[in-house]
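**Student:** from the sequence below, what's the structure:
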Amino acid sequence: MLEDYQGALKDLHKANFLEPNNASILRSRGDVKQKMKDYQGALEDLENADDLEPNNALTLRWRGDVKRMLKDYQGALEDLNKANVLEPNNVVTLRWRGDVKRMLENCQGALEDLDNANFLEPNNAFTLRSRGDVKRMLKGCQRALDDLNKADALEPNNAFTLRCHGDVKRMLEDYQRAMEDLNKADALEPNNAFTLRCRGDVKRMLEDYQRAFEDLNKYDVLEPNNAFTLRNRGNVKMMLEDCHGALEDLDKADVLEPNDAFTLRSRGNVK
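**Tutor:** As a prediction, the model looks like this:
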């Protein structure tokens with residue numbers, strides 16, 4: 001493929017004009033729109049293709065991926081499950097379904113799909129990146145690091161890989177190297193909530209409280225009412241001697257996630 005998506009789209013528009021309601025044309029145009037990140041346009045074409053030619057594995061696979069990109073994870077899972085029934089053990093279906101299960105926090109199901117995808121097609125950066133993140137979620141830090149290192153070698157300077165790398169290193173208490181990865185991730189993809197939350201915690205551990213406060217504030221704007229952020233920001237405010245602000249954050253963290261030892265310890269110190 002020459003990746004001339006604009007040219008492909010122009011030709012497919014003409015083909016659709018000359019031969020309307022052709023499932024193959026609509027399916028191809030939907031795929032091109034997906035590659036151009038026109039996810040709503042892609043979804044419309046793939047919905048129409050599915051109406052004209054139901055139960056086509058390719059349509060369902062591509063529509064599942066579009067729904068994944070639109071963060072309709074349950075809808076994506078339904079399409080990818082159907083595609084897998086029609087065409088079992090397709091590496092792309094397994095890869096995308098594993099990533100969807102990751103987003104739905106079905107870690108064991110995600111790991112199973114991504115292991116199978118990796119068996120069918122080893123050394124794919126997307127598979128390794130997603131599987132590394134699943135292992136991170138399961139606290140398998142060294143195994144996560146192995147996958148993320150491979151993904152980084154295959155596809156360097158990927159913001160997702162770097163922020164997962166940074167978080168694993170944070171969990172391993174390798175704070176300086178975690179900071180390096182999270183700074184790179186932030187440069188490639190600024191204002192990502194996950195990066196800011198992790199980097200804020202790393203700065204807290206490095207006793208850079210003012211800059212930790214800045215990152216955690218930015219995260220709270222993007223994704224309010226997260227217990228992890230509130231307890232860490234509360235701890236930072238305590239270290240900056242803003243006791244009333246610290247108490248406010250720690251009280252909120254305790255409501256969202258009661259009986260967390262770190263929250264209770266920090267709040268006890270503030271009081």
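
**Student:** element containing the nearest residue to residue 245 once chain neighbours are set aside, please.
**Tutor:** Counting by C-beta to C-beta, 6 or more residues apart in numbering, residue 237 is the residue found nearest to residue 245 once chain neighbours are left out, at 4.4 Å. All C-beta atoms are positioned from the backbone trio N, CA, C, and that covers glycine. When elements are defined using DSSP states H and E, residue 237 is found to belong to helix 227-239.

**Student:** mind checking what helix or strand follows that helix in sequence?
**Tutor:** If you walk from helix 227-239 toward the C-terminus, the next helix or strand you reach (DSSP H and E) is helix 243-256.

**Student:** can you give me the offset of that next one from its chain's centre?
**Tutor:** Centroid displacement of helix 243-256 relative to its chain, using C-alpha atoms, centre = their mean, to the nearest Å, is 28 Å.

**Student:** name the residues that touch the helix or strand hosting residue 16?
**Tutor:** Taking DSSP H and E as the definition, residue 16 sits inside helix 5-18. Contacts with helix 5-18, where a contact means C-beta atoms under 8 Å, 6 or more residues apart in numbering, come from 22, 25-26, 28-29, 32-33, 35-36.

**Student:** give me the buried entries from those.
**Tutor:** Applying a neighbour-count criterion of 16 or more other C-beta atoms under 10 Å, the buried members of those are 22, 25-26, 28-29, 32-33.

**Student:** on that earlier part again, any idea of the mean pLDDT for the helix holding residue 16?
**Tutor:** Averaged across helix 5-18, pLDDT comes to 91.

**Student:** quick check: buried residues in that helix?
**Tutor:** Going by 16+ other C-beta under 10 Å, helix 5-18 has these buried residues: 5, 8-9, 12, 15-16.

**Student:** and stretch 183-196, by the same measure?
**Tutor:** By neighbour count with 16+ other C-beta under 10 Å, stretch 183-196 contains the buried residues 184-186, 192, 194-196.

**Student:** quick one: which of those residues sit in helices?
**Tutor:** Mapping the buried residues of stretch 183-196 onto helices (DSSP state H) picks out 184-186, 194-196.

**Student:** so residue 31 touches residue 43, yeah?
**Tutor:** No: at 11.6 Å, residue 31 does not count as touching residue 43 under the criterion of C-beta atoms under 8 Å.

**Student:** which of the buried ones among the contacts of helix 5-18 fall in strands?
**Tutor:** Counting by DSSP state E, no part of the buried ones among the contacts of helix 5-18 is found in strands.

**Student:** between the residues you listed, which sits nearest residue 68?
**Tutor:** Ranked by distance to residue 68 (C-beta to C-beta), the buried ones among the contacts of helix 5-18 are led by residue 33 at 14.8 Å.

**Student:** so what's that closest one up against?
**Tutor:** Going by C-beta under 8 Å, 6+ apart, residue 33 touches 9, 39, 41-42, 45.

**Student:** now that we have those, which one has the most neighbours?
**Tutor:** Neighbours were tallied for each of the contacts of residue 33 (criterion: other C-beta atoms under 10 Å), and the maximum of 27 neighbours falls on residue 45.
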